[in-house]
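> The following comprises the amino acid sequence and a computationally predicted model.
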Amino acid sequence: MHAAFALKEDEYETIMVNCNPETVSTDYDTSDRLYFEPLTLEDVLHIINREKPMGVIVQFGGQTPLKLAVPLEKEGVRILGTSPDSIDRAEDRKRFKELIEKLGLLQAESGTAVSCDEAVEAATRIGYPVMVRPSYVLGGRAMEIVYDEESVRNYMSRAVKASPDRPVLVDKYLEDAIEMDVDAISDGTTVVVAGIMEHIEEAGVHSGDSACSLPPFSLPPDIIREIDRQARMLALELGVVGLMNIQFAVKEGRIYVLEVNPRASRTVPFVSKAIGVPLAKLAARVMAGKTLAELGFTTEVKIKHIAVKEAVFPFAKFPGVDTLLGPEMKSTGEVMGIDDDFGMSFAKSQMAAGNPLPVSGRVFLSVKDQDKPGLLEVAQGLQNAGFSIVATRGTADYLRKRGITVETVNKVTEGRPHIVDQITDLKIDLVINTVYGAEAQKDSYSIRRTTLVKGVPYFTTTSAARAAVRGISAIKTRRLQVKSLQEYHST
């Protein structure tokens, strides 16, 4: 639920406004001040006229309140925290590009299009693959990665209705990049980088669907220091007062700024629990006029443990839904695993998400050609852990030539007995399946769906599979221990 917050001079009061346009209830509870209506400018002005707040906070409700910041300011409403102009500077594509260039930072090449031909021209100039998406959408809706002109034309014809007011955005897709999430808090002068998170899934999977680790588990210290420096630069240049979230991508040692959100992100509760600091509470006080020095929070918290956030998906509740991850967000919640070791933290997160890792049995591997080099490390790790490996013909041949003992199994299209039969008969204990292209996705759908229905643990990216190998190793070599958050923070 999105929310609009109002602060009175003598107390903190919260007004929450449901932004779901399908909600029709108009109940108003004066004790809880809880509205169930679509959030519009008129709604917010009605609340403000009734409550007479000293100002309005727009940072805790996702993108919808941010879009209201400028219109509210024009109506004479005081916006607490980051100014509407700074918000617009981060949200407006042209102004944001100018900001990145001013600071000397890197951004993936991009363009806009209001017609099919313009989209093709932009994609050709930028170079395939590209990420295409409509403007002003939430959760990555209707966002796709496309690899050729035919796919661009197909996308433009079926997915969106482009117009000058709602152009299609075309961005260079950074293949095999590592995505990073950064949450920071600032009072306009002091910036504290609260958390730098490394995504476990590669860039291209929506940040809300990707597992992530705090602190990062694979990047070198110099990259982490540079990300910290760039985050501080962006916060100060934008004049952020309150929270901000930045998404970076690291490819071949180069750091690209993907986007800056001058608001609280969905990762704030995770970061707050991981570092033991109530970031939203501090941000509200900063926006109300306190400094970080007055609140006693001016330096980054150094933690000795590792926290892994994992997304929770509703796939089992919806017949026909595919489990493949991509730019469009599909998760409905998240869990956290915490330990002193990355492997065990990841294993705990999988347990909490209902996808516990097996410690023995048979593993089915079938991946796209681009993923085969990365799969070798996964297969070696699983073989060393005592698993038997089953693979489709192409993957099996690749691994066998590199010293891995593999049993070949038929694809569904090659006739019975095939891999779906084995999954159905519970002869497979773990599935790792990645695909490329619409045809391959369609052909392998029955594998992923049967895996889901039968409750077999699965991974649809090689990066997550590598993390799973580390998790399995941790479970097999260490004793599972549970400690409270307070115990972790006390050390």
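Cool, got the structure.

> Now the element after the longest helix seen in the chain, going C-ward?
With secondary structure taken from DSSP state H, the chain has its longest helix at helix 221-238. Downstream of helix 221-238, the first helix or strand assigned by DSSP states H and E is strand 241-251.

> That next one to helix 221-238, inter-axis angle?
140 degrees (axes from the mean of the first three to the mean of the last three CA atoms, to 10 degrees).

> what mean pLDDT does strand 241-251 have?
Across strand 241-251, pLDDT averages out at 95.

> Pairing partners for it, with directions?
Pairing partners of strand 241-251, with direction, according to DSSP bridges: strand 178-187 (antiparallel), strand 254-261 (antiparallel).

> and that strand, how far out from the chain's middle?
12 Å (CA atoms, centre = their mean, to the nearest Å).

> ok so, going back, closest one to residue 98 among the strands paired with strand 241-251?
Minimum separation from residue 98 across the strands paired with strand 241-251 (CB to CB) falls at strand 254-261, 12.8 Å. To be clear about C-beta, it is placed using only N, CA and C from the backbone, and glycine gets the same treatment.

> Could you pull out the buried residues of the closest one?
Buried residues in strand 254-261, counted by 16 or more other CB atoms under 10 Å: 255-258, 260-261.

> go on, stretch 169-186?
Buried positions in stretch 169-186, judged by neighbour count with 16+ other CB under 10 Å: 169-174, 177-186.

> right, and the pair among those residues with maximum separation?
Farthest-apart pair in the buried residues of stretch 169-186 is 170 and 185; separation 33.1 Å (CB to CB).

> Give me the helices and strands touching the longest helix of the chain, please.
If contacts are counted by 3 or more CB pairs under 8 Å, 6 or more residues apart in numbering; DSSP states H and E, helix 221-238 sits against helix 84-91, helix 93-103, strand 178-187, strand 191-199, strand 241-251, strand 254-261.

> how about those in a markdown table, adding distance to residue 63?
Output for the helices and strands packed on helix 221-238, formatted as a markdown table (distance: least, CB to CB, whole Å):
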| stretch | distance to residue 63 |
| --- | --- |
| helix 84-91 | 8 |
| helix 93-103 | 14 |
| strand 178-187 | 16 |
| strand 191-199 | 20 |
| strand 241-251 | 12 |
| strand 254-261 | 8 |
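
> Show me the one of those that comes nearest residue 371.
Between residue 371 and the helices and strands packed on helix 221-238, the tightest spacing by CB to CB is seen for strand 178-187, at 15.4 Å.

> Kindly export the closest one (C-alpha atoms) in PDB.
Extracted as PDB, the C-alpha positions of strand 178-187 are listed here (Å, rounded to 0.1, in the frame of the first residue of the first chain):
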ATOM      1  CA  ILE A 178      26.400  -7.300 -11.300                       C
ATOM      2  CA  GLU A 179      23.600  -5.100 -10.000                       C
ATOM      3  CA  MET A 180      23.900  -3.200  -6.700                       C
ATOM      4  CA  ASP A 181      21.400  -1.500  -4.500                       C
ATOM      5  CA  VAL A 182      22.500   1.400  -2.200                       C
ATOM      6  CA  ASP A 183      20.300   2.900   0.600                       C
ATOM      7  CA  ALA A 184      21.500   6.200   2.100                       C
ATOM      8  CA  ILE A 185      20.200   8.800   4.400                       C
ATOM      9  CA  SER A 186      21.200  12.500   4.300                       C
ATOM     10  CA  ASP A 187      20.300  15.700   6.100                       C
END
